[in-house]
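J.: All I have is the shape, not the residue letters:
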């Protein structure tokens with residue numbers, strides 16, 4: 001096990017990881033921006049270092065400074081939490097090159113599912129159901145019209161590099177397609193520096209179901225049950241619950257097996273989440289999140305598995321503490337998110 005770990009994050013998730021470290025006898029290092037100098041997480045850690053001013057680009061996203069602190073503090077590993085650098089393949093690779101363990105997947109694994117188009121191709125080859133749509137980014141508008149016509153309206157235009165619903169456009173009629181593609185491309189370019197978009201069949205009123213994955217470096221992979229996050233606002237999750245209210249033992253076994261297969265396909269190691277859309281008795285791969293999810297505590301509540309501790313053990317080279325037969329979901333857990341919106345500006349996120 002590690003002797004000391006740096007947590008490259010702030011707030012609740014930093015405290016969560018520090019608590020897991022403390023219970024495993026691991027010393028912790030916090031990094032904080034000027035505005036967070038009196039925050040609880042900065043006081044809770046065994047050591048804390050100022051890394052820059054309030055803007056994240058100058059602090060929590062500054063790889064050079066964070067790695068410099070890790071070396072100064074003699075931290076053996078870095079836990080990225082969620083958000084910030086948690087799904088940054090370059091950061092994972094830099095940690096590896098500098099002899100610091102990234103407590104998460106490899107940069108190669110992150111890259112393999114970072115593009116939604118590439119991820120869909122990979123899962124299709126593995127035999128996992130995917131939503132019908134374009135096989136590559138849209139570059140020809142006439143081809144886009146043909147694809148939309150062949151799969152049937154409504155369709156949805158998505159940013160390949162995106163997340164959180166940014167750049168998504170639902171298209172219900174042919175005349176809406178080109179303006180929607182052009183709008184999605186502009187948003188994708190400004191938000192992700194990648195204008196690539198693709199088309200999928202739009203599923204009406206689907207269920208959004210995800211499976212928590214744990215995988216060690218010895219080839220052991222399990223799923224830690226399911227969560228549902230269908231109740232959303234502006235494509236952002238509002239309520240998550242575990243288990244899903246529509247899940248049956250037979251469906252859980254089948255979807256869980258495909259989730260494990262998805263992780264195995266990209267040689268995934270550590271914690272991750274495979275997300276599916278479920279509609280009218282069928283399910284389809286949506287995307288993979290290569291980090292600990294915000295909603296991970298509800299899985300911990302119903303299974304008794306401490307996901308943060310398992311992340312640390314896996315990264316330290318230990319085998320999984322559980323086999324699939326050990327995972328049981330007992331009871332029910334719900335997480336609700338509070339969102340800040342501006343009522344004077346059409347309730348846009350503030």
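T.: In hand now; what should we look at? Values in this document were obtained by computation on a predicted structure and should not be read as measured data. Residues are numbered from 1 along each chain as shown.
J.: Just checking, which helix or strand succeeds the host helix or strand of residue 271 along the chain?
T.: Assigned by DSSP states H and E, residue 271 belongs to strand 270-279. Toward the C-terminus, strand 270-279 is succeeded by strand 282-289 as the next helix or strand (DSSP H and E).
J.: which other residues reach that next one?
T.: Applying C-beta atoms under 8 Å, 6 or more residues apart in numbering, the external contacts of strand 282-289 come out as 87, 113, 116, 119-120, 123, 128-131, 163, 203, 208-209, 251, 255, 258, 262-263, 272-278. (Each C-beta comes from the backbone N, C-alpha and C, glycine too.)
J.: and it, which residues are buried?
T.: Buried positions in strand 282-289, judged by neighbour count with 16 or more other C-beta atoms under 10 Å: 283, 284, 285, 286, 287, 288, 289.
J.: Please apply the same query to stretch 316-325.
T.: Residues of stretch 316-325 classed as buried by neighbour count (16+ other C-beta under 10 Å): 316, 320, 322.
J.: Contact partners for the residue nearest to the first one when sequence neighbours are not counted?
T.: Leaving aside its sequence neighbours, residue 316 sits nearest to residue 1 (C-beta to C-beta, 6 or more residues apart in numbering; 4.9 Å). Applying C-beta under 8 Å, 6+ apart, we find residue 1 in contact with 24, 25, 26, 312, 313, 316, 318.
J.: Drop anything exposed from those residues.
T.: For the contacts of residue 1, buried by 16+ other C-beta under 10 Å: 24, 26, 312, 313, 316.
J.: Which members of these are the farthest-apart pair?
T.: Using C-beta to C-beta, the two most remote members of those are 26 and 313, lying 10.6 Å apart.
J.: Point to the helix or strand of the protein where mean pLDDT is at its lowest.
T.: None of the helices or strands of the chain scores lower by mean pLDDT, DSSP states H and E than strand 348-349, at a mean of 84.
J.: returning to that earlier point: with pLDDT and distance to residue 97 added, can I get the buried ones among the contacts of residue 1 in a markdown table?
T.: Below are those laid out as a markdown table (pLDDT from 0 to 100; distance: C-beta to C-beta, whole Å):
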| residue | pLDDT | distance to residue 97 |
| --- | --- | --- |
| 24 | 98 | 26 |
| 26 | 98 | 23 |
| 312 | 98 | 21 |
| 313 | 98 | 23 |
| 316 | 98 | 19 |
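J.: Looking at these, which are in helices?
T.: Counting by DSSP state H, the buried ones among the contacts of residue 1 place 312, 313 in helices.
J.: In helices only, show me the contacts of strand 282-289.
T.: 113, 116, 119, 120, 123, 251, 255, 258, 262, 263.
J.: pLDDT score assigned to the residue found closest to residue 34 once you drop the neighbours it is linked to in the chain?
T.: Using C-beta to C-beta, 6+ apart and skipping residues adjacent in sequence, the residue nearest residue 34 is residue 53, 5.2 Å away. Confidence at residue 53, expressed as pLDDT, is 97.
J.: can you redo the ones in helices among the contacts of strand 282-289 as a markdown table with neighbour count and pLDDT?
T.: Converted to a markdown table, those look like this (neighbours: other C-beta atoms under 10 Å; pLDDT from 0 to 100):
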| residue | neighbour count | pLDDT |
| --- | --- | --- |
| 113 | 25 | 93 |
| 116 | 22 | 87 |
| 119 | 21 | 92 |
| 120 | 24 | 91 |
| 123 | 24 | 95 |
| 251 | 16 | 97 |
| 255 | 23 | 98 |
| 258 | 20 | 98 |
| 262 | 26 | 97 |
| 263 | 27 | 97 |
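J.: ok, residue 33 - contacts?
T.: Contacts for residue 33 (C-beta under 8 Å, 6+ apart) come out as 10, 50, 51, 52, 53, 54, 55, 56, 58, 59, 60.
J.: And residue 7, by the same measure?
T.: By C-beta under 8 Å, 6+ apart, residue 7 lies in contact with 14, 17-18, 21, 28-31, 41, 45, 78-79, 81.
J.: at 10 Å instead, please
T.: 13-18, 21, 28-31, 41, 44-45, 75, 77-81, 103 (C-beta atoms under 10 Å, 6 or more residues apart in numbering).
J.: residue contacts, residue 337?
T.: 229, 231, 232, 233, 236, 237, 238, 239, 240, 294, 295.
J.: if you set the cut-off to 7 Å instead, what comes out?
T.: 237, 238 (C-beta atoms under 7 Å, 6 or more residues apart in numbering).
J.: separation between it and residue 278?
T.: 21 Å (C-beta to C-beta, to the nearest Å).
J.: likewise residue 10?
T.: 34 Å.
J.: Let me have the buried residues of strand 282-289 in TSV, extended by pLDDT and distance to residue 159.
T.: Output for these, formatted as TSV (pLDDT from 0 to 100; distance: C-beta to C-beta, whole Å):
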residue	pLDDT	distance to residue 159
283	97	23
284	97	18
285	96	17
286	93	14
287	93	12
288	95	16
289	94	16
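J.: Serialize those residues to JSON lines and add fields for distance to residue 302.
T.: Shown next, in JSON lines, are the buried residues of strand 282-289 (distance: C-beta to C-beta, whole Å):
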{"residue": "283", "distance to residue 302": "21"}
{"residue": "284", "distance to residue 302": "25"}
{"residue": "285", "distance to residue 302": "24"}
{"residue": "286", "distance to residue 302": "22"}
{"residue": "287", "distance to residue 302": "23"}
{"residue": "288", "distance to residue 302": "22"}
{"residue": "289", "distance to residue 302": "19"}
